[in-house]
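1. Starting from these lines, generate the structure:
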Amino acid sequence: MAWLKDRGIPCVAESVLNSEELDKTVARFVVAAWNDGYAQGYAECSQHVNNALKVDWDTSRSPTHGVNTGAALVSLKSEFNNLQLPLMDLINVALHSEDHMAQPKEIFPDEDLA
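-> Residues are numbered from 1 along each chain as shown. So this is what the prediction gives:
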């Protein structure tokens with residue numbers, strides 16, 4: 001248990017935080033959030049212009065015109081919430097094996113032994 005506390009858990013956390021799958025999903029999620037915020041801000045600003053100047057502001061030039069940015073954001077949020085990392089599958093299998101400490105030690109060998 002000392003190995004798990006001192007080495008295993010920190011290695012799992014570091015591996016998850018440094019995983020390419022997480023990085024890519026977070027990057028797409030951030031872009032979708034930015035796009036949705038931009039679209040909502042542009043729409044709100046256009047509405048203020050319409051009301052203040054009594055004109056019909058043309059929003060067709062907006063980069064997000066006709067794009068359902070809200071749906072894209074919801075989809076990516078769901079993808080993030082349901083993200084499956086291969087490492088976690090390995091850990092789950094290891095923890096359900098008879099010798100639940102041997103497999104994690106194989107996944108994360110001690111640095112001085114490797």
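2. Spatially central residue in the protein, please.
-> For the chain, residue 26 is the residue whose C-alpha lies nearest the centre (CA atoms, centre = their mean; 3.0 Å).
3. what's the pLDDT at residue 83?
-> pLDDT, residue 83: 95.
4. picking that back up, nearest residue to the residue nearest to the centre of the chain other than its sequence neighbours?
-> residue 80 (7.1 Å; CB to CB, 6 or more residues apart in numbering). Where you see a C-beta, it was placed from the backbone N, CA and C, and this is true even at glycine.
5. Give me the contacts around the helix or strand hosting the one you found.
-> Using DSSP states H and E, residue 80 falls within helix 69-81. If you take CB atoms under 8 Å, 6 or more residues apart in numbering as the criterion, helix 69-81 is touched by 25, 26, 28, 29, 32, 33, 35, 36, 38, 39, 40.
6. What subset of those residues is buried?
-> 25, 29, 32, 35, 36, 39 (16 or more other CB atoms under 10 Å).
7. Which of those sits closest to residue 108?
-> Relative to residue 108, the closest of the buried ones among the contacts of helix 69-81 is residue 25; by CB to CB it sits at 22.9 Å.
8. Whatever helix or strand that closest one lives in: how far from the chain's middle?
-> Take DSSP H and E as the rule and residue 25 turns out to sit in helix 20-53. Mean-position distance between helix 20-53 and its chain equals 17 Å (CA atoms, centre = their mean, to the nearest Å).
9. Stretch 2-17 now?
-> Worked out by CA atoms, centre = their mean, stretch 2-17 lies 21 Å from the chain centre.
10. What distance separates the opening and closing residues of that stretch?
-> 22 Å (CA to CA, to the nearest Å).
11. Just the buried residues of that stretch, please?
-> Per 16+ other CB under 10 Å, stretch 2-17 contains these buried residues: 7, 8, 11, 12, 15.
12. Reformat the residues you listed into a markdown table and put distance to residue 54, pLDDT and secondary structure next to each item.
-> Listed next are the buried residues of stretch 2-17 as a markdown table, based on distance: CB to CB, whole Å; pLDDT from 0 to 100; DSSP: H, G, I helix; E, B strand; the rest coil:
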| residue | distance to residue 54 | pLDDT | secondary structure |
| --- | --- | --- | --- |
| 7 | 68 | 87 | helix |
| 8 | 66 | 85 | helix |
| 11 | 63 | 89 | helix |
| 12 | 60 | 89 | helix |
| 15 | 59 | 91 | helix |
